[in-house]
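Undergrad: Model the structure of this input:
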Amino acid sequence: MLLTVLMNLKPLWLLILGIIYPCLLPVSTLQADGGTLLKIKESKVITLGHRESSMPFSYYGENQQVIGYSHVFALKIVEAIKNRLNLPDLTVRLMPVTSANRITLVQNGTVDLECGSTTNNAERRKQVAFSNSLFVVSTRFMTRSNSGLRDFPDLVGKTVVTTAGTTSERLLRRMNDDKKMGMNIISAKDHGESFLILETGRAVAFMMDDALLYGERAKAKNPQDWAIAGPPVTLEAYGCTLRKDDPDFRRLVNAVVTRMMLSGEAERIYYKWFTSPIPPKNLNLDFPLSEPMRLLYEEPNDTSFEPPDESEKVAATADSTTKGYQWNWGILLTRTPSGDTYLQWLLEGLQWTVLLSLSAWCLALLLGLLLGVMRTAESKPGLVMVAKAYVEIFRNIPLLVQLFCWYFVLPELLPEAWGQAFKQWHPLSQQFFAAWLCLSLFTAARITEQVRTAIESLPPGRKNAGLALGMTLPQVYRYVLLPVALRITLPPLTSEFLNIFKNSAVATTIGFIELSRQAQQLVDYTAQPYEAFIAVTTLYLLINVLVMLAMRHLETAIRIPRFTSGGKS
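TA: This next block holds a predicted model:
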């Protein structure tokens, strides 16, 4: 019966089913339900998740070596695992993670243990387990020393940056909504990018955990130019993350953390990383031991400093009877802190994705047609050279690099007044403009080659006949060559049109609220990653289906009878 149904489906829908169906399977069917220690013993490999720029907790030092306060704990845990499993040659695989993907990578088993700067809270405990706390921080903000900003009420109406996927982002957005502060909030990819946005003047403050702010300040060219301000808003506890429902592994991890704290070893590690010069530039964070940290070293615990909510109690009840991922499609209709539903968040992201893609396509198509014509104008070698250089530059530089150049570098190359004026635009306008320009110019280079190939496939007699009739060269292109060439190139142009929708997801790296960024924000707030990304996958597939149907109809409508792509009838 099932085979009969599948055979009757169109190939496109079979493809869609093939993509979505594995995502609908319970997590337990996608990976063996074994403990982490058993997995490590059988594979003789442990994968540690680490951060790239969370100084001084977990970051790259000299020669791209991972170092930091939290990483020391991770390595001590690895030594305990070697002894426990009698695996002296255990391979340690290091995997960089971000604020956006660290929880999911631990949850799906890609990462066995992540020790960085991950806050222990109720939402995250629905997805992963936490070790005893490694560190206790408070949330504050960094600003220029001469900015005059001293407290959070001073940020009313200002632009503030924070790191995407962090508890500080959620706290900042909740504060903005609850107190009607009217802040423009930028969500950067990581802490390094957040400070870059602050340093270049796009934001007046950077809100984050105080220890991380001290780390970013220490890396600045002139640390004295920056001040940590504002009273502590919350206390948060960092811990290592590991898979849920694995008490044996968690006991081993906690035993190591507890031994290090009670023996005084952890406190010595603290002084090394927070009150002494640290690599790679021998910077001193000058971050004295706080009272909450002193109490943690005396009595190790996994306190999260926030009351458990009712949803966590429900999740805990469910975990007692059912292991694995808990599906909840109703989360899409749940109200967000701002009063909308999470589905509305996704639809808002979809609107921005469509607007960005369509506007970028308009410029890309016009520019691509012009450059494509220039590439075939053999009588104008200068134009051919300019068009060829454009294609080689924009087609061969990675899209992400181009986006960062337009967003970060361009304002610094402009005259100072122009650059400062650009930085004072609304953050969303800055992000949209940079992404629009990047996608347009990149796609135009690809369209140029499609148009050139189509024009060159036409018989040379067409061009010569037009010139013999007294037409100028521009008239020959307009009335003779381009109308036919565009019909030939319609299928590849359809592919480029679809690519621009997919490539728009790169804008999430500069904080633009397109579809994939909204999906990640949904994950951060709901702890339901599979529902979020299945919904986004469905929306992208819907866009592709609609575009393909429209282009197929257009191709049929403008087809020249008995005309083939080779230019012969």
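Undergrad: alpha carbons only for contacts and neighbour counts from here, please
TA: Fine.
Undergrad: and Glu416, how many neighbours?
TA: 11 (other CA atoms under 10 Å).
Undergrad: Tell me how far it lies from Pro529.
TA: Relative to Pro529, Glu416 is positioned 43 Å away (CA to CA, to the nearest Å).
Undergrad: Equivalent analysis for Phe274, please.
TA: 35 Å.
Undergrad: now swap in Arg259 and tell me
TA: From Arg259 to Pro529 the distance is 35 Å (CA to CA).
Undergrad: which one of those two has more residues nearby?
TA: Between Arg259 and Pro529, counting by other CA under 10 Å, Pro529 is the more crowded of the two (22 against 13).
Undergrad: So what's the residue count around the closest residue to that one other than its chain neighbours?
TA: Leaving aside its sequence neighbours, Pro529 sits nearest to Val523 (CA to CA, 6 or more residues apart in numbering; 5.0 Å). The local packing of Val523 (other CA under 10 Å) involves 24 other residues.
Undergrad: what helix or strand is Val523 on?
TA: helix 515-526 (DSSP states H and E).
Undergrad: relative to helix 515-526, how tilted is the helix or strand immediately after that helix in the chain?
TA: Next helix or strand after helix 515-526 toward the C-terminus (DSSP H and E): helix 529-558. Here helix 529-558 runs at an angle of 160 degrees relative to helix 515-526 (axes from the mean of the first three to the mean of the last three CA atoms, to 10 degrees).
Undergrad: chain center to helix 529-558, what's the gap?
TA: Offset of helix 529-558 from its chain centre (CA atoms, centre = their mean, to the nearest Å): 22 Å.
Undergrad: Name the residues of that helix that are buried.
TA: The neighbour-count check on helix 529-558 (16 or more other CA atoms under 10 Å) flags 529-537, 539-540, 544, 547-548, 551 as buried.
Undergrad: now swap in stretch 280-294 and tell me
TA: Leu283, Asn284, Leu285, Phe287, Met293.
Undergrad: average model confidence for it?
TA: Averaged across stretch 280-294, pLDDT comes to 90.
Undergrad: Check stretch 443-460 too.
TA: For stretch 443-460, the mean confidence score works out to 92.
Undergrad: cool, stretch 59-70 as well?
TA: 93.
Undergrad: Stretch 466-477 now?
TA: Taken as a whole, stretch 466-477 has a mean pLDDT of 87.
Undergrad: what does that stretch contact?
TA: With contacts defined as CA atoms under 8 Å, 6 or more residues apart in numbering, stretch 466-477 is touched by Val373, Lys463, Val480.
Undergrad: most surrounded residue in those residues?
TA: Those, ranked by neighbours (other CA under 10 Å): first place Val373, 23 neighbours.
Undergrad: got the contact list for it?
TA: Val373 neighbours (CA under 8 Å, 6+ apart): Val451, Arg452, Tyr477.
Undergrad: do the same with Glu62
TA: So Glu62 contacts Pro279, Pro280 (CA under 8 Å, 6+ apart).
Undergrad: From what I see, Ala129 and Thr241 are in contact.
TA: Yes: counting by CA atoms under 8 Å, Ala129 sits close enough to Thr241 to count as a contact (5.7 Å).
Undergrad: now the helices for the stretch 51-200 of the chain?
TA: 69-85, 102-107, 122-125, 167-178, 191-199 (DSSP state H, counting those that start in this stretch).
Undergrad: Which strands and helices lie in contact with the fourth one?
TA: Of the remaining helices and strands, those touching helix 167-178 by 3 or more CA pairs under 8 Å, 6 or more residues apart in numbering; DSSP states H and E are strand 159-163, strand 205-209.
Undergrad: ok, back up a step: okay, and which of the contacts of Val373 map to helices?
TA: Using DSSP state H, the subset of the contacts of Val373 located in helices is Val451, Arg452.
Undergrad: would CSV of the contacts of Val373 with distance to Val401 and neighbour count be doable?
TA: Putting the contacts of Val373 into CSV (distance: CA to CA, whole Å; neighbours: other CA atoms under 10 Å) gives the following:
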residue, distance to Val401, neighbour count
Val451, 26, 28
Arg452, 26, 21
Tyr477, 35, 19
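Undergrad: ok, the contacts of Val373 vs Tyr342, which is closest?
TA: Nearest to Tyr342, judged by CA to CA, of the contacts of Val373 is Val451 at 41.8 Å.
Undergrad: Run through the residues that contact that closest one.
TA: The contact partners of Val451, taken as CA under 8 Å, 6+ apart, are Gly368, Leu369, Gly372, Val373, Ala485, Leu486, Thr489.
Undergrad: just Leu37 next, same as before
TA: Leu37 makes contact with Ile81, Leu85, Asp248, Phe249 under the criterion CA under 8 Å, 6+ apart.
Undergrad: what about the second one, distance to Asn328?
TA: Taken as CA to CA, the spacing of Leu85 relative to Asn328 amounts to 38 Å.
Undergrad: swap in Ala417?
TA: Taken as CA to CA, the span from Ala417 to Asn328 is 51 Å.
Undergrad: and Gly18, what pLDDT?
TA: Predicted confidence (pLDDT) for Gly18: 45.
Undergrad: swap in Tyr21?
TA: 43.
Undergrad: swap in Ser131?
TA: Looking at Ser131, its pLDDT reads 98.
Undergrad: If I look at the closest residue to Gln521 other than its chain neighbours, what pLDDT would I see?
TA: Nearest-residue entry for Gln521: Gly165, 6.8 Å, with adjacent residues in sequence omitted and distances by CA to CA, 6+ apart. pLDDT recorded at Gly165 is 82.
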